[in-house]
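Student: Could you look at this predicted model? Sequence included:
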Amino acid sequence: MRRLRNVKIVATLGPSSSSYETIRALFDAGADVFRLNMSHGSHEEQAARHAIIRKVEADVGRPIAILADLQGPKLRVGTFVAGAHELNEGETFRFDLDPAEGDGRRVCLPHPEIFAALEPGSRLLVNDGKIRLTVEDCGPDFADCKVTAGGTISNRKGVNVPDVVLPLAALSDKDRADLEFACELGVDWLALSFVQRPEDVMEARALAKGRASILSKIEKPAAVKAYPEILEASDGIMVARGDLGVELPVHSVPPIQKRLVRGARTAAKPVIVATQMLESMIESPMPTRAEVSDVATAIYEGADAVMLSAESAAGQYPVQAVETMDNVAKSVESDPTYREVIEASRKVARNSIADGIVAAAREIAEATDIHAICCFTQSGTTASLVARERPSVPIIALSPMLATVRRLSLTWGVHCVQTHDPVDRFKMAVVNAAKAAREYGFATEKDQIVVTAGVPFNVKGTTNILRVAPCDERLIFRTDPE
C-alpha cells in the first residue's frame, strides 16, 4: 500500500483503539506508526495491542513501526485533608517532606531531589502550570513559596520545576521495567520522557542493548539548552510541546519547534511534532482551523511525522482524526509553496562519500525523468540520508532486515520493503529495486529509477555507488551481464 504523502502519521493506541478492526481502520486511514503509551494500561493490555499491530502488518504486507513511550519520572504533590485547597495570589505556601496530609498552609512534595536543587527565585508550577509559585526560602526538606498565580490545588497534582536541572534519572524503576518489557515484546522505538542531558539517553541505550532505537522527547528547558548533545546521542527526536509549553513561555515554543525540527533534519534523524495537534477531535468530528494550521506548519517545517495522542487513544473519533491528518498532509504537500520552503531549508554539510552519493541521487532524480530513488540499506543510514535531502520523488528503502524497514517507517518519505531474495551483487540489487518500484506502483517498465547501495553488501555505512537504471529487468540484464 502506497501513501500519497511523505510526512508520517503516528497514532497512539488506547481504550478507543484496542480492537483489530479499529487498529486496521487507523492503518487504512493513514497511520504509519503506532504508539504504546506506557503511562496508561497494563503490560497485558500493551502486549495485546502489540500483537494486533503485528497481525495488521502481516495482513497488509507493509512494515509498521511501534513506538513505546516511557512515562518518565512524575513529580506530584501528596494529598490534602479536604482533597483540595484554594491558593490565592500573594499567599504563602510550603512544600515539605512531611507525609501528613496537607491543608491551606502546606502539602507534602515527596521528592527530596527537588529540594536539593531549589534556590530562592526558582519557580514551582502545579497542575500544568495553572498554579505558579516562587520560592522565597528553602532547605533540604522544605520550600516556602509565594503564590504568583492562584487556583485549586488538589491531590497528587503534577509539579514542574523549570528553572533548575533536577538530579533525577530519566528512568524511574517503572520505566526500567517498562523498557525491558517493551524490548522483549519487540518494539522498534523507545521514547524517553523528561530527558535533561545526553547521559539520560546513554543510560536507556545501555539498557536497550540494541533491541530498539532511542527517541528523546524534548520537553524540559534543560533539554533545549543541551539539544545538540542530546540529538547526537539519540536516534530520533520528539518535540513534546505539552510540558515544553508549561515550563517555558508559551510564545517561545513555536521558534523552539522550528529549531529542533531543523536540527534533527540536518542530522538525518527522524523528528516527531506532538501534543494537542487535533485535540478538539477528542470530542468533535471536526478540528478547529487553528489545529489544522498547526499540523500544516509542522509539515511545512519538514517534520518527519506528526502525532495524535488522546485523539486516537481515548477520543470519540480516532479514525476521523487520522483521516484529517492524512488529508492535511496531502493538501500541504501538493502546494507549490511546500517545495519552495523545503528546498530553501535544505542545509547540509556534506563530509562523506555517502553524503555526496545521496545528494547526487536527489539532483539526478529532480533534473531528469526519474520516478524513484531506491536505497539498499542494512542499518537504515542510506535511506535516512536520502530522506534528509527531501527529494521530490519517492524513496524506496529495501533491506533484508525486518527491524530496519520497520524502524524506517517513521522516516519522511520512505516506503519500506523487506527483501527476501539474497542480494550479494549490485546487479541483483538493481533488479530487486526495479521489481519493487513496479510492484508498489512507483514506476512502470518504461520508467527509470536511481539505485544507491554500499559495496560490499551487508556492511554498515558503506554507501558508495549510484546507478540510473531502467525498470525493465530485461534491459538490466542486457546492459549489465555481470
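Tutor: All right, it came through fine. Numbers count the residues shown, from 1 in each chain.
Student: how about the one residue sitting closest to the centre of the chain, what does it touch?
Tutor: Closest residue to the average C-alpha location of the chain: residue 272 at 3.7 Å, with CA atoms, centre = their mean. Taking CB atoms under 8 Å, 6 or more residues apart in numbering, we find residue 272 in contact with 10, 215, 236-239, 303-307, 410. Yep, even glycine has a C-beta here, placed from its N, CA and C like the rest.
Student: would a markdown table of those with neighbour count, distance to residue 327 and pLDDT be doable?
Tutor: Below are those laid out as a markdown table (neighbours: other CB atoms under 10 Å; distance: CB to CB, whole Å; pLDDT from 0 to 100):
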| residue | neighbour count | distance to residue 327 | pLDDT |
| --- | --- | --- | --- |
| 10 | 29 | 16 | 98 |
| 215 | 26 | 26 | 98 |
| 236 | 25 | 25 | 98 |
| 237 | 29 | 26 | 98 |
| 238 | 30 | 23 | 98 |
| 239 | 25 | 22 | 98 |
| 303 | 27 | 17 | 98 |
| 304 | 28 | 19 | 98 |
| 305 | 26 | 16 | 98 |
| 306 | 23 | 12 | 98 |
| 307 | 27 | 16 | 98 |
| 410 | 25 | 20 | 98 |
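Student: Per-residue pLDDT of residue 480, please?
Tutor: Looking at residue 480, its pLDDT reads 59.
Student: Among the contacts of residue 272, which lie within strands?
Tutor: When the contacts of residue 272 are checked against strands (DSSP state E), the matches are 10, 215, 236-239, 305-307.
Student: closest to residue 337 among those?
Tutor: residue 306 (18.3 Å; CB to CB).
Student: pretty sure the closest one contacts residue 298?
Tutor: Yes - shown here, residue 306 and residue 298 form a contact pair, counting by CB atoms under 8 Å, at 5.3 Å.
Student: For these two, list the residues in contact with both.
Tutor: 7, 273, 277.
Student: Residue 445: which of those residues is nearest?
Tutor: Distance to residue 445 across the shared contacts of residue 306 and residue 298 (CB to CB) is lowest for residue 7, with 30.0 Å.
Student: which phi and psi does the closest one have?
Tutor: Backbone torsions of residue 7, given as degrees, to the nearest 10, read phi -70, psi 140.
Student: show me where pLDDT drops low in the chain?
Tutor: Residues of the chain meeting the criterion pLDDT under 70: 1, 422, 458, 461, 478-482.
Student: quick check: domain ranges of it?
Tutor: According to automatic domain parsing, the chain comprises the domains 8-72+170-332, 84-160, 353-479.
Student: Among these, which comes closest to residue 342?
Tutor: Judged by CB to CB, the one of the domains of the chain that comes nearest to residue 342 is domain 353-479, at 4.8 Å.
Student: how far out from the middle of the chain is that closest one?
Tutor: Relative to the centre of its chain, domain 353-479 is centred 24 Å away, using CA atoms, centre = their mean, to the nearest Å.
Student: likewise stretch 310-330?
Tutor: Worked out by CA atoms, centre = their mean, stretch 310-330 lies 17 Å from the chain centre.
Student: Dump that stretch to CSV, keeping only the CA atoms.
Tutor: Output of stretch 310-330 as CSV, limited to C-alpha atoms (Å, rounded to 0.1, in the frame of the first residue of the first chain):
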residue,chain,number,x,y,z
ALA,A,310,-5.6,11.3,23.1
GLU,A,311,-7.4,12.0,19.8
SER,A,312,-6.8,8.4,18.7
ALA,A,313,-6.2,6.7,22.1
ALA,A,314,-9.3,7.9,24.0
GLY,A,315,-11.3,10.1,21.7
GLN,A,316,-14.6,9.6,20.1
TYR,A,317,-13.3,9.9,16.5
PRO,A,318,-9.9,8.2,16.3
VAL,A,319,-10.2,7.1,12.6
GLN,A,320,-11.5,10.6,11.5
ALA,A,321,-8.6,12.2,13.3
VAL,A,322,-6.1,10.1,11.3
GLU,A,323,-8.1,10.8,8.1
THR,A,324,-7.9,14.6,8.9
MET,A,325,-4.1,14.5,9.3
ASP,A,326,-3.8,12.5,6.1
ASN,A,327,-5.9,15.0,4.2
VAL,A,328,-4.0,18.0,5.6
ALA,A,329,-0.6,16.4,4.7
LYS,A,330,-1.7,15.6,1.1
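Student: Identify the bridge partners of the closest residue to residue 354 other than its chain neighbours.
Tutor: Distances taken as CB to CB, 6 or more residues apart in numbering place residue 463 nearest to residue 354, at 3.8 Å, with adjacent residues excluded. Taking DSSP bridges as the rule, residue 463 bridges to residue 454.
Student: Can you get me a residue count around residue 463?
Tutor: 27 (other CB atoms under 10 Å).
Student: In contact with it: list those residues for me.
Tutor: 353-354, 357-358, 377, 381-382, 385, 452-454.
Student: try 10 Å
Tutor: Taking CB atoms under 10 Å, 6 or more residues apart in numbering as the criterion, residue 463 is in contact with 352-358, 361, 375-378, 381-383, 385-386, 452-455.
Student: In strands only, show me those residues.
Tutor: Per DSSP E, those map to strands at 375-376, 452-454.
Student: hmm, back to that, using TSV, lay out the domains of the chain together with distance to residue 339.
Tutor: Below are these laid out as TSV (distance: least, CB to CB, whole Å):
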stretch	distance to residue 339
domain 8-72+170-332	11
domain 84-160	38
domain 353-479	6
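Student: And these: which comes nearest residue 341?
Tutor: Using CB to CB, the domains of the chain put domain 8-72+170-332 closest to residue 341, at 5.3 Å.
Student: before we move on, the earlier item: specify which member of the ones in strands among the contacts of residue 272 is nearest to residue 283.
Tutor: Distances from residue 283 to the ones in strands among the contacts of residue 272, taken by CB to CB, are shortest for residue 307, at 18.7 Å.
Student: circling back: go through the shared contacts of residue 306 and residue 298 and say which is closest to residue 400.
Tutor: Using CB to CB, the shared contacts of residue 306 and residue 298 come closest to residue 400 at residue 7, 26.9 Å.
Student: Surely residue 94 is within a helix?
Tutor: No - assessed with DSSP: H, G, I helix; E, B strand; the rest coil, residue 94 is strand; it does not lie in a helix.
Student: Any idea how many residues pack against it?
Tutor: Neighbours of residue 94 (other CB under 10 Å): 16.
Student: Now do the strands in the stretch 251-400 of the chain.
Tutor: 271-274, 305-308, 370-376, 395-399 (DSSP state E, counting those that start in this stretch).
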